[in-house]
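K.L.:
Make a model of this:
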Amino acid sequence: MPIFRIVALCAWFGVGLAFASGAAQAEAARTIKIVISVPPGGTIDLLVRVLADYLGRTRGQTIVVESRPGAGSIIAAETVARAAPDGATLLVNSNGQMISPILRKVNFDPRTSFEPICFLVDSPQVLVVNGKSPFHTLGDFVDAARAKPGEFSISTVGPNTTQHIAVERFKRVAGVDLTYVPYTGGAPAINALLGGHVTAVLQNYSELGEPVKAGALRALATSTRERIPPLPNVPTIAESGYKDFFAEVWFGLVAPAKTPSPIIAQYIDWFKTAIEAPEVKSKLVAHGLYPNPRCGDDFAAHIQRQVDEFTRVIAALKLKG
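P.N.:
Here you go, the predicted structure:
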């Protein structure tokens, strides 16, 4: 066989091996960009940085965080939906990406525009007021709001986020007229509460924990099914007289649609291992984030259930985008 034919065959065979190996390793040497939908310094930023630190030490993988806040998480989702499906760009998704397409026209579908990697953590929500507020219980707050319709305000990250919908649901079940004030992230909403610009905030405990411990904020209730370990004396909203009220926030990880399955499998292995690592788990729990990994098809099924549930709730509340 002519030498050039042998060289060509060897080169072709080598390319095939390189492709298979590269896919299987998810191009581990490449920097992975993880896009988040809120400003730096919040819950999602913390989550990604803890995971990035672990994967950097254990896998030698470089991960950078890119913040694309605004428009109820639409900007971040559309950015990743348009990205090349090569494993280099990922998105931290959440309930918010299920909600936006129901309310308005967007350039992504949470079920078909992404490949699900893993559901990562649950993030309990807490309703808080300023530490100097006269309200010491949820009942105090509701009674005052009923007495002065529209005079009190409540803030969350939003609009059209899980927290916003939780606020609208609470307003309905409690029969109160509260002015809703959206912010681009949890930190700005909390700063507004600390500055006396809003009356209350419903936000991730991971962002509220320190000011609550310091007494700068006062927790009135949680939106969880059960009381949360860091606040054992704080009742749930359901316990406070609004039976069956529950609102959850979760964060997961997805890649652009058509990302090759070997890359997705590699990332499932990496991130599931990371989120279950004792050192990672302890750091996240200390900040009010509770690992609960569900990956691949299980995560895809969860996303579909969330879309179905929010479609029903938004129709019942008659919310408009």
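
K.L.:
And the longest strand belonging to the chain, how far out from the chain middle?
P.N.:
Assignment by DSSP state E gives strand 114-122 as the longest strand of the chain. Distance of strand 114-122 from its chain centroid, counting by CA atoms, centre = their mean, to the nearest Å, is 10 Å.

K.L.:
Relative to that strand, what are the paired strands and their orientations?
P.N.:
Sheet pairing for strand 114-122, assigned by DSSP bridges, gives strand 250-256 (antiparallel), strand 290-295 (antiparallel).

K.L.:
other SSEs contacting the helix or strand following that strand?
P.N.:
Using DSSP states H and E, the helix or strand that follows strand 114-122 towards the C-terminus is strand 125-130. With contacts taken as 3 or more CB pairs under 8 Å, 6 or more residues apart in numbering; DSSP states H and E, strand 125-130 sits against helix 138-147, helix 186-194, strand 200-204, helix 205-214, strand 217-222. C-betas here are computed from N, CA, C, even on glycine.

K.L.:
can you give me the strands in the stretch 1-150 of the chain?
P.N.:
Here the stretch 1-150 of the chain has its strands, by DSSP state E, counting those that start in this stretch, at 32-36, 63-67, 89-94, 114-122, 125-130.

K.L.:
hey, which of those strands is tucked in deepest?
P.N.:
Neighbour counts (mean count of other CB atoms under 10 Å) averaged over each of the strands of the stretch 1-150 of the chain peak at strand 89-94, with a mean of 26.

K.L.:
pLDDT weak spots in the stretch 1-150 of the chain?
P.N.:
1-29 (pLDDT under 70).

K.L.:
no, scratch that, I was asking about the stretch 151-300 of the chain
P.N.:
For the stretch 151-300 of the chain, no range has pLDDT under 70.

K.L.:
Tabulate the strands paired with strand 114-122 (a markdown table), appending distance to Leu91.
P.N.:
A markdown table is the format used below for the strands paired with strand 114-122 (distance: least, CB to CB, whole Å):
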| stretch | distance to Leu91 |
| --- | --- |
| strand 250-256 | 5 |
| strand 290-295 | 15 |
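
K.L.:
returning to that earlier point: what angle do strand 89-94 and the longest strand of the chain make with each other?
P.N.:
50 degrees (axes from the mean of the first three to the mean of the last three CA atoms, to 10 degrees).

K.L.:
List the contacts of stretch 163-171.
P.N.:
Outside stretch 163-171, the residues that touch it by CB atoms under 8 Å, 6 or more residues apart in numbering are 72, 99, 125, 154, 156-158, 176-178, 180, 182, 202-203, 223, 237, 242, 245, 247, 249, 310, 313-314, 317, 319.

K.L.:
Which of the strands of the stretch 1-150 of the chain sits closest to Pro260?
P.N.:
Nearest of those to Pro260, taken as CB to CB: strand 114-122 at 9.1 Å.

K.L.:
Please export the C-alpha coordinates of that closest one as PDB.
P.N.:
Taking Å, rounded to 0.1, in the frame of the first residue of the first chain, the C-alpha atoms of strand 114-122 are listed here in PDB:
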ATOM      1  CA  PHE A 114     -32.000  22.400  26.500                       C
ATOM      2  CA  GLU A 115     -30.500  19.100  27.500                       C
ATOM      3  CA  PRO A 116     -31.200  18.400  31.200                       C
ATOM      4  CA  ILE A 117     -28.100  17.600  33.300                       C
ATOM      5  CA  CYS A 118     -29.100  17.700  36.900                       C
ATOM      6  CA  PHE A 119     -31.600  19.200  39.400                       C
ATOM      7  CA  LEU A 120     -29.100  20.400  42.000                       C
ATOM      8  CA  VAL A 121     -30.600  22.000  45.100                       C
ATOM      9  CA  ASP A 122     -33.800  23.100  46.800                       C
END
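
K.L.:
Turn the helices and strands packed on strand 125-130 into TSV, columns for mean neighbour count.
P.N.:
Converted to TSV, these look like this (neighbours: other CB atoms under 10 Å):
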stretch	mean neighbour count
helix 138-147	17
helix 186-194	21
strand 200-204	28
helix 205-214	19
strand 217-222	24
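
K.L.:
Can you say which of these is nearest to Pro116?
P.N.:
Per CB to CB, nearest to Pro116 of the helices and strands packed on strand 125-130: strand 200-204, 22.0 Å.

K.L.:
Quickly run through the sheet partners of the closest one, with directions.
P.N.:
Strands that pair with strand 200-204, judged by DSSP bridges, come out as strand 125-130 (antiparallel), strand 153-157 (parallel).

K.L.:
Could you list the buried residues of the next helix or strand after the last one?
P.N.:
I take that to be strand 153-157. For strand 153-157, the following helix or strand on the C-terminal side (DSSP H and E) is helix 162-174. Within helix 162-174, the residues scored as buried using 16 or more other CB atoms under 10 Å are 162-171, 174.
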